[in-house]
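Engineer: test case, fold it:
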Amino acid sequence: MFRRRRRAEEETAPAVVREENPAPARTTGPWDADDDYPEAERVDLGGLRLPVGPGFEIQLSMAGDQVDGAIVLVQESALQVNAFAAPKRSGIWDDVRAELAREVVAAGGTAEEREGPFGIEIAAEVPTPGQAQGRQPVRYVGIDGPRWFLRAVISGRAAVDPEAARVLEDVVRGIVVVRGDEPMPPREAIQLRLPAEARQALEEQAPRREEFRPFERGPEISEIR
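Structural biologist: Next up is the predicted model:
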């Protein structure tokens, strides 16, 4: 009798439905391509849409023959951004941050975690190439997004001057990451490409030059007003 009564109770008991809480909507950038992000003037680099502004100079960084990052130069400051694939349900900045700190210290620099406008970042001093015992201040910033991770490196004046840093931090806030739907292992770089007008310019120059190597010094896109 007890077992029958227990079955009856189970059959009549209301089913408990567990609802997953949706991820909160992003209120500031960097943005995902599927976000309802604000319109702005941006350079389309494929995997990244990068804001541009008066006096900006944009260079592309290379990994072999692939474009894997962008560098924004503004007066005496520089911002390098790279985007990577990340797991769907977890970020990687905690692990990457620890690895970066170890690498900086191993190279003879210093690294300290601190709270920044995008969360915990690394305030570092890294050895300056070609200068004995010289160091330069650098900020390492990481943002975990939906299936992507954006790393930003701020150097030059903006690494120590909050006023100069604000310009580059606004660039980071305006970035749109285009992850795509294809499967990618975590930490694989999201590949970038030259804007259409820059590709066309390179193609027009190619027949006129022997052994044309457009990426020898790194392509540049200037925005001067």
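
Engineer: tell me, what residue is most central in this protein?
Structural biologist: residue 150 (2.3 Å; CA atoms, centre = their mean).

Engineer: now for whatever helix or strand residue 111 lives in, which elements pack on it?
Structural biologist: If you go by DSSP states H and E, residue 111 is part of strand 110-116. Taking 3 or more CB pairs under 8 Å, 6 or more residues apart in numbering; DSSP states H and E as contact, the helices and strands that strand 110-116 lies on are helix 93-106, strand 119-127, strand 135-145. In short, each C-beta sits where N, CA and C put it, glycine included.

Engineer: got the contact list for the residue nearest to the centre of the chain?
Structural biologist: Residues near residue 150 by CB atoms under 8 Å, 6 or more residues apart in numbering: 30, 81-84, 142-143, 172, 175, 177.

Engineer: hmm, back to that, and among the helices and strands packed on strand 110-116, the most buried is which?
Structural biologist: For the helices and strands packed on strand 110-116, the largest average neighbour count (mean count of other CB atoms under 10 Å) is found in strand 135-145, namely a mean of 20.

Engineer: C-terminal to that one, what's the next element?
Structural biologist: If you walk from strand 135-145 toward the C-terminus, the next helix or strand you reach (DSSP H and E) is strand 148-156.

Engineer: between the helix or strand just after that next one and strand 135-145, how big is the angle?
Structural biologist: Next helix or strand after strand 148-156 toward the C-terminus (DSSP H and E): helix 162-174. Taking axes from the mean of the first three to the mean of the last three CA atoms, to 10 degrees, helix 162-174 and strand 135-145 form an angle of 30 degrees between their directions.

Engineer: same for the helix or strand that helix 162-174 is followed by, what does it pack against?
Structural biologist: Using DSSP H and E, the helix or strand that follows helix 162-174 towards the C-terminus is strand 176-177. Other helices and strands packing on strand 176-177, by 3+ CB pairs under 8 Å, 6+ apart, are strand 31-32, strand 48-51.

Engineer: now what about strand 176-177, what contacts it?
Structural biologist: Looking at what lies outside strand 176-177 - CB under 8 Å, 6+ apart - the contacts are 29-33, 35, 37, 42, 47-49, 83, 145, 148, 150, 190.

Engineer: mind running it again at 10 Å?
Structural biologist: Under the criterion CB atoms under 10 Å, 6 or more residues apart in numbering, residues 29-35, 37, 40, 42, 44, 47-51, 81, 83-84, 143, 145-150, 190 lie in contact with strand 176-177.

Engineer: again, but for stretch 153-167
Structural biologist: Against stretch 153-167 from outside (CB under 10 Å, 6+ apart): 53, 55-56, 69, 71-82, 100, 116-117, 121-126, 136-142, 168-169, 171-172.

Engineer: what residues sit buried inside it?
Structural biologist: Neighbour counts over stretch 153-167 (16 or more other CB atoms under 10 Å) mark 153-160, 164-165, 167 as buried.

Engineer: could you list the low-pLDDT ranges of this structure?
Structural biologist: Within the chain, the ranges that satisfy pLDDT under 70 run 1-26, 130-133, 197-225.

Engineer: just the contacts of residue 150 now: which is nearest residue 63?
Structural biologist: Looking at these and their distance to residue 63, the nearest is residue 82, at 9.3 Å (CB to CB).

Engineer: so how far is the strand or helix carrying the closest one from its chain's centroid?
Structural biologist: In this structure, residue 82 sits in strand 77-85 according to DSSP H and E. Between the centre of strand 77-85 and the centre of its chain there are 5 Å (CA atoms, centre = their mean, to the nearest Å).
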